[in-house]
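1. sequence and predicted structure are below.
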Amino acid sequence: MSSGTLYDKVWDLHRVAELPGGATQLFIGLHLIHEVTSPQAFSALRDLGLGVRHPERTVATVDHIVPTTSQARPFADPLAEEMLATLERNCAEHGITLHGLGSGRQGIVHVIAPELGLTQPGMTVACGDSHTSTHGAFGAIAFGIGTSQVRDVLASQSLAMNKLKVRRIRVDGVLQSGVAAKDLILHIIRMLGVKGGVGYAYEFAGEAIEALSMEERMTLCNMAIEGGARCGYVNPDATTFAYLQGRPQAPVGEAWARAVDWWRSLASGPEAVFDDEVSFDASLIAPTVTWGITPAQGIGVNETVPTAAQLEPDERPIAEEAYRYMDLVPGAPIAGTPVDVCFIGSCTNGRLSDLRAAAAVAQGRQVAAGIKAFVVPGSEQVAAAAEAEGLDAVFRAAGFEWREPGCSMCLAMNPDRLEGRQISASSSNRNFKGRQGSASGRTLLMSPAMVAAAAVAGHVVDVRELLAAPGAAGASRPAGVGTPG
Amino acid sequence: MRSASSPAASPVPFPIGAIRLCRGQAVAVVGDDIDTDRIIPARFLKCVSFEGLAVGAFADDRAELGGDHPFDHPEHQSASILVVNRNFGCGSSREHAPQALMRWGIRAVIGESYSEIFFGNCLAMGIPCLTAGHDDVLALQQAITADRAAELVLDLEALQVRLLGSPAAAAERSWPFSLAQGPHRMLVSGQWDGTSQLVAHDEALRLTATRLPYLRAFEDDSIS
């Protein structure tokens, strides 16, 4: 059993009581809500005659259903309008802050909470969205919950939880130029599988992790859940504190100094004991692309789609299903696979450094004929910052559409979706069957720079070839890579 | 095919109180890593109530199979036990997935393994997710596919599933299953609906809050 890890320390600090059923009642420090998984929770609260215990610890935004072309109200889709109106009503009734459209602070919930400084080390963070693991980048224990649990947090600011085991994932060495945090996490999931993390929290450590910017750490932790781990985290360090300092909700003055001391004290110490440990060499990781229907079905961009014979016996049934669905040929190279739609955005890769990396590839190039390519900033703040440095102009000049913030085609609850059997190059997090809005639509997951490269080439291509190519203006190392966001 | 609005869609009442025994016909949905986008595609999430979600259960898989999905087989229309394989319910945290299954008629799931969040969502609804060994699940799936009128009895106290064959079929068979101690206790004691327990510990909650300096924006240094 683990001890002395950040997970253990944060768990102990937030423990309220042991429940009769054997679960632990855990205090939730930050509760984030959005329009999709909260309305039924508020209804249940009303049915139980309960109020919101700590309305100041819940923060709302709208992201899943918002259109990205025009966000004028009422929305064209009456169901989407009803969902947002319901959220607005619930927040007003219970005194919950809602960062709505046009507030300057709206965006994908996992983008705005960090950028506002709401997410801090040592917190427990819960949200009715599985990608809540993102917030673990700060050394928080953050996990997705269902709607019944949203109700419980609203009612009691706590949850009934069972403690997870802790697996340390050490990544040493240096990521090659053109290899992003997205490639790192796709590689880890490829190696450990989509079930490998079930029952575990993932602690990401090692020199390659310490070298990541906060935005890169968010990409990494965001997809812990795709490896089955309900939460993933990075110990807080100077990079974390530099990101937080000056954010609207970050402490200031003497309180800041006290905060940093407390945050440092929570990191896993040298005496920490882990339930399991695995390690990777960052220098061996290539830009990674998925070829199948689970995020573990990924390969280096210069590899071939694995044949059934190359896979473990228990991986073959889902691979056979993937061959049929994706219509990719086992044994054929993934590079050169034509794409129809290119999507840059999502809670995985919709932050400023992601857009910079993609823009560095797009600059001076053109989206290939017949390809629909669009960029959806993760938040209003990301959009404003990108526009201030001219990234929107770079994308537009290259033939990308520049959209309004939201979750968009990551899960296609808004009008952005694949049609028929279209195949997308996508910087999002899930390549499940039907995920991007068409029951037969297909998704290739990759980094934002790789999506931009696919857009200009018209097919999957190793972004490093473009970055090395002479003559493409501004196509040197992406500006955002390796610089703190 | 069941209609979402039909009162017959869910003949068995939703779970309430202690869950010790689940009995009913079973339906097998075969495959590893069946994610919640497949259990209910995102377009069905555009709603402010869970009512009516039954129609979304496996909607795209069912359409793809043109009526040949187990959820469309006429003899499974009153099934209340779902038999699945590994990592069932992975992906999105949407409670809409177990809600859709429950509103279709499912009251218990038995399979090889589950994603954490799906398991927790089911538990919060009083739907046990029971774990059996690989070979046992395959045998169970074969048995209920071969004898679709058979009933399963899930005995949470004996931790055993019994197959009661239809009259023409073979005699009773049984397999063991497991359920972690905490969820097991919660279900058999009827304490799976935890809101009232959580609310009851308000004084302990207040004490916990005093240990958390971020709740006071680190404004005093009495706690560190």
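-> Done, it's in.
2. find the nearest non-adjacent residue to A:Val329, please.
-> Nearest residue to A:Val329 in three dimensions, chain neighbours excluded: A:Val305, at 6.5 Å (C-beta to C-beta, 6 or more residues apart in numbering or on different chains). (C-beta placed from N, C-alpha, C; glycine too.)
3. next up, the contacts around that neighbour.
-> Shown in contact with A:Val305 (C-beta atoms under 8 Å, 6 or more residues apart in numbering or on different chains): A:Trp291, A:Ile299, A:Leu328, A:Val329, A:Pro330, A:Gly331, A:Ala332, A:Pro333, A:Ile334.
4. most neighbours out of those, which is it?
-> In terms of neighbours by other C-beta atoms under 10 Å in any protein chain shown, the contacts of A:Val305 top out with A:Trp291 at 25 neighbours.
5. ok, that one - contacts?
-> By C-beta under 8 Å, 6+ apart, A:Trp291 lies in contact with A:Gln297, A:Gly298, A:Ile299, A:Val305, A:Pro306, A:Ala322, A:Met326, A:Leu328, A:Ile334, A:Leu444.
6. how about the contacts of A:Val305, which pair is most distant?
-> Largest separation among the contacts of A:Val305 by C-beta to C-beta: A:Ile299 and A:Val329, giving 13.3 Å.
7. pLDDT weak spots in chain B?
-> B:1-11, B:168-171, B:221-224 (pLDDT under 70).
8. how is it partitioned into domains?
-> Following automatic domain parsing, one finds the domains of chain B at B:7-192, B:194-224.
9. mind putting these into a markdown table with mean neighbour count and distance to chain A?
-> Shown next, in a markdown table, are the domains of chain B (neighbours: other C-beta atoms under 10 Å in any protein chain shown; distance: least, C-beta to the nearest C-beta, whole Å):
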| stretch | mean neighbour count | distance to chain A |
| --- | --- | --- |
| domain B:7-192 | 20 | 3 |
| domain B:194-224 | 16 | 4 |
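10. one step back: closest to chain B out of the contacts of A:Val305?
-> A:Trp291 (15.1 Å; C-beta to the nearest C-beta).
11. what's the closest residue to A:Ala224 other than its chain neighbours sitting at in phi/psi?
-> Leaving out its chain neighbours, the residue that sits closest to A:Ala224 by C-beta to C-beta, 6+ apart is A:Gly232, at 2.8 Å. Backbone torsions for A:Gly232, taken as degrees, to the nearest 10, come to phi -140, psi 150.
12. so A:Gly232 sits right up against A:Ser133, yeah?
-> Yes - using C-beta atoms under 8 Å, A:Gly232 is in contact with A:Ser133, at 5.2 Å.
13. now do the shared contacts for the two.
-> Common neighbours of A:Gly232 and A:Ser133 (C-beta under 8 Å, 6+ apart) are A:Cys221, A:Ala224, A:Ile225.
14. what about the nearest residue to A:Gln436 once chain neighbours are set aside, neighbour count?
-> Residue nearest to A:Gln436 in three dimensions, not counting chain neighbours: A:Leu418, with 4.6 Å by C-beta to C-beta, 6+ apart. Using other C-beta under 10 Å, A:Leu418 has 25 other residues around it.
15. list the residues that contact A:Leu418.
-> A:Asp340, A:Val341, A:Met409, A:Ala412, A:Ser424, A:Gln436, A:Gly437, A:Ser438, A:Gly441, A:Arg442, A:Thr443.
16. quick one: contacts for residue 130?
-> In the absence of a named chain, chain A is used. Counting by C-beta under 8 Å, 6+ apart, A:Ser130 has contacts A:Gly144, A:Ile225, B:Gly91, B:Ser92, B:Ser93, B:Ile117.
17. switch to chain B, that's the one I care about
-> Per C-beta under 8 Å, 6+ apart, neighbours of B:Leu130: B:Ala108, B:Val109, B:Ile110, B:Gly111, B:Leu154, B:Leu156, B:Val161, B:Phe177, B:Ser178, B:Leu179.
18. so which elements touch the strand ranked longest in chain B?
-> When chain B is parsed with DSSP state E, its longest strand is strand B:21-28. Packing partners of strand B:21-28 (3 or more C-beta pairs under 8 Å, 6 or more residues apart in numbering or on different chains; DSSP states H and E): strand B:81-84, helix B:134-146, strand B:151-155.
19. may I have that strand as PDB, with CA atoms only?
-> Provided in PDB are the C-alpha atoms of strand B:21-28 (Å, rounded to 0.1, in the frame of the first residue of the first chain):
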ATOM      1  CA  LEU B  21     -30.800 -10.800  -4.900                       C
ATOM      2  CA  CYS B  22     -31.300 -10.000  -8.600                       C
ATOM      3  CA  ARG B  23     -33.300 -12.400 -10.700                       C
ATOM      4  CA  GLY B  24     -34.200 -12.200 -14.300                       C
ATOM      5  CA  GLN B  25     -33.400 -13.000 -17.900                       C
ATOM      6  CA  ALA B  26     -30.000 -11.900 -19.100                       C
ATOM      7  CA  VAL B  27     -28.500 -10.400 -22.200                       C
ATOM      8  CA  ALA B  28     -24.900 -10.700 -23.300                       C
END
